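1. need a structure here:
(2 chains)
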Amino acid sequence: MLITKIIGCLLVIISTTGMGMFFSNELRCRIEDLKELKKLILLLRGDIRYANTPLPEAISGIARRHNGGYETFLSKVSSKLNELSGITFSQIWKEAVEQELTKTSLTKKDKLHLVQFGESLGYLDKDMQMNTLDLYINQLEDETLELSKTVKEKAYLLNSLGIMAGIFISIIML
Amino acid sequence: MNTKDELLKILSLKLRTIFGKLKIDFEKLQEIRLRMNAPLLIIYENVEYFITEEAKLVKNPTLAVIVTKNEIRETMEYISNYSLYAFEDEIKQGFITINGGHRIGIAGKTIIEDDVIKGMKHISFINIRLAHQVKGCADPVLPYLINEKTDGIYHTLIISPPRCGKTTLLRDIIRQLSDGNTYLSGKSIGVVDERSEIGACYMGTPQNELGIRTDILDCCPKAKGMMMLIRSMSPQIIAVDEIGSKEDLEAIDYVIGCGCKLIATVHGSSIEDIKSKPVLSELVQKKLFERYVLLSNVNGIGHLDEIYDTVGRKLYADHA
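-> Predicted coordinates for the structure are as follows:
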């Protein structure tokens, strides 16, 4: 009977520790995803600034060169844009953000910012377009910096919380 | 892709549905006018019609569907391929050429900086002019333009009021002279297409057939373009649309001086009308052109009225 209890407690501690590690890893992955997103927006800015490339062409070009977590997102946006099926850019962008970024570690807030960014793409003159892109890049930079500063402490906290929660539940169970 | 498909792709979803149901021959559709908070209007076979919500052509504007701000914005989004910023230069000129060679005229609030148009915002008026090529429309004119002795052509000026088919005629003359025909061998032609109307280039590719020996300088000011073409492409004939400025005149002098033949068009109703215009009168007085082709729309668009030679002798007349 005691052995069963000990095994049960061990399982609880292992699973809560796992959860703690998962959430702390999600934090690190979010930083990576935000950095990757920034890289893509920088590429988009370059295409618009130096070659005046229209969005469908620029996005499909970036999709071809990219093979990270945003590949399906970019491919979906580019194929939908090329269809010219009577859906506005912001709708296509929003739909793709909601459906194709589920495997990334971006938070709801990150996705909301990305959707808002999509709303101001395309229907502006070049200067305004550049300003919008720069603003979003700055926003991503700030977010990444803020996260990087606290990631160590937060990860440590989440790991510890995981172990402590396991021990706490085990004590109650015993 | 046919004209209907090309057209439907650039319209807002609501207008797309209406035009999709419309039972007309899209090849005969000339213009679509979208004006904010105004009835939807088309020019079909030279007649103006309003379109109802049920996709019916009517003459009464009160029955027509009203174009909203959102529809204009959405249509502009599709016209510009979701990227208005990529068409800044075209917007400054007031038109965008799309796939198929159709021209979209736009008007709104212009942004001026140091007396120069920097851009346009609040675009509220769109005029979709559908491109039509009329192959063979130059057939009755060509025999008068060809100088068999030199296996070349005469310097030609096509005079016509707006919407009488001068660009269509010029386009077919270019195509026939470039490919060669029964009258003469194919010539190397340089086209300065300042308003993208002749070749209707979309991303560098001409959407209209201009012949196998034609080089096109797209969206280039005529005067500069004519000089550039002579230096770079050594054309035998240079073709330009709607001349009229002092600079054009100097460039024409240069072209003729270089031994190149010139075909140009100009807005006007007669040689006398041209003579009354300050810059253009010089062209007639200097006897630079050897053939004057006059068009009108008395018997439908592109009706060939008269052809004169340098001294004003009538070579052809049809006042039917």
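2. quick one, what contacts B:Leu184?
-> B:Ile146, B:Glu148, B:Asp151, B:Gly152, B:Ile153, B:Leu177 (Cβ atoms under 8 Å, 6 or more residues apart in numbering or on different chains). The C-beta positions use only the backbone N, C-alpha and C, and glycine is treated the same way.
3. how many residues are close by residue 25?
-> Just going to use chain A. Look at A:Asn25: counted by other Cβ atoms under 10 Å in any protein chain shown, it has 14 neighbours.
4. switch to chain B, please.
-> 10.
5. contact partners for A:Gln139?
-> With Cβ under 8 Å, 6+ apart, A:Gln139 has these contacts: A:His113.
6. what pLDDT does it get?
-> Looking at A:Gln139, its pLDDT reads 93.
7. A:Ile31 touches A:Glu146, doesn't it?
-> No: using Cβ atoms under 8 Å as the test, A:Ile31 is too far from A:Glu146 to be in contact (10.0 Å).
8. quick check: closest non-adjacent residue to B:Glu27.
-> Excluding the flanking residues, the one nearest B:Glu27 by Cβ to Cβ, 6 or more residues apart in numbering or on different chains is B:Thr3, at 5.9 Å.
9. show me the contacts for that neighbour.
-> B:Thr3 neighbours (Cβ under 8 Å, 6+ apart): B:Phe26, B:Glu27, B:Leu29, B:Gly100, B:Leu130.
10. identify, from those, the entry nearest to chain A.
-> Nearest to chain A among the contacts of B:Thr3: B:Gly100, at 12.7 Å, using Cβ to the nearest Cβ.
11. the closest one falls within a helix, correct?
-> No: counting by DSSP: H, G, I helix; E, B strand; the rest coil, B:Gly100 is not found in a helix; it is coil.
12. check contacts around it.
-> B:Met1, B:Thr3, B:Glu6, B:Ala131, B:Ala200, B:Tyr202, B:Gln207.
13. for it, phi and psi?
-> phi 100, psi -10 (degrees, to the nearest 10).
14. number of nearby residues for whatever residue of the stretch 101-250 of chain B ends up closest to chain A?
-> Per Cβ to the nearest Cβ, B:Gly119 is where the stretch 101-250 of chain B lies closest to chain A, at 5.2 Å. Residues contacting B:Gly119 under the criterion other Cβ under 10 Å number 20.
15. find the residue at the geometric middle of the chain.
-> Since no chain was named, I'll use chain A. The centre of chain A sits closest to A:Leu106, judged by Cα atoms, centre = their mean, with a distance of 2.5 Å.
16. looking at chain B here, not the other one
-> Central residue of chain B (Cα atoms, centre = their mean): B:Glu197, 3.9 Å from the mean position.
17. I'd say that one and B:Arg103 touch.
-> Yes: applying Cβ under 8 Å, one finds B:Glu197 in contact with B:Arg103, separated by 6.6 Å.
18. got the residues of chain A near chain B?
-> With Cβ under 8 Å from any Cβ of the partner chain as the criterion, chain A meets chain B at residues A:48, A:52-56, A:81, A:84, A:86-89, A:121-126, A:128-129.
19. now list the buried members of those.
-> Among the residues of chain A next to chain B, those scoring as buried are A:48, A:53-56, A:81, A:84, A:86-89, A:121-126, A:129 (criterion: 16 or more other Cβ atoms under 10 Å in any protein chain shown).
20. A strand includes B:Asp248, no?
-> No: membership of B:Asp248 in a strand is not supported by three-state DSSP, which gives helix.
21. please tell me how far it sits from B:Arg16.
-> Going from B:Asp248 to B:Arg16 by Cβ to Cβ, to the nearest Å gives 41 Å.
22. note down every partner strand of the helix or strand of chain B with the lowest mean pLDDT and its orientation.
-> Taking mean pLDDT, DSSP states H and E as the measure, the helix or strand of chain B with the lowest value is strand B:201-202, at a mean of 80. Sheet pairing of strand B:201-202 (DSSP bridges) gives strand B:205-206 (antiparallel).
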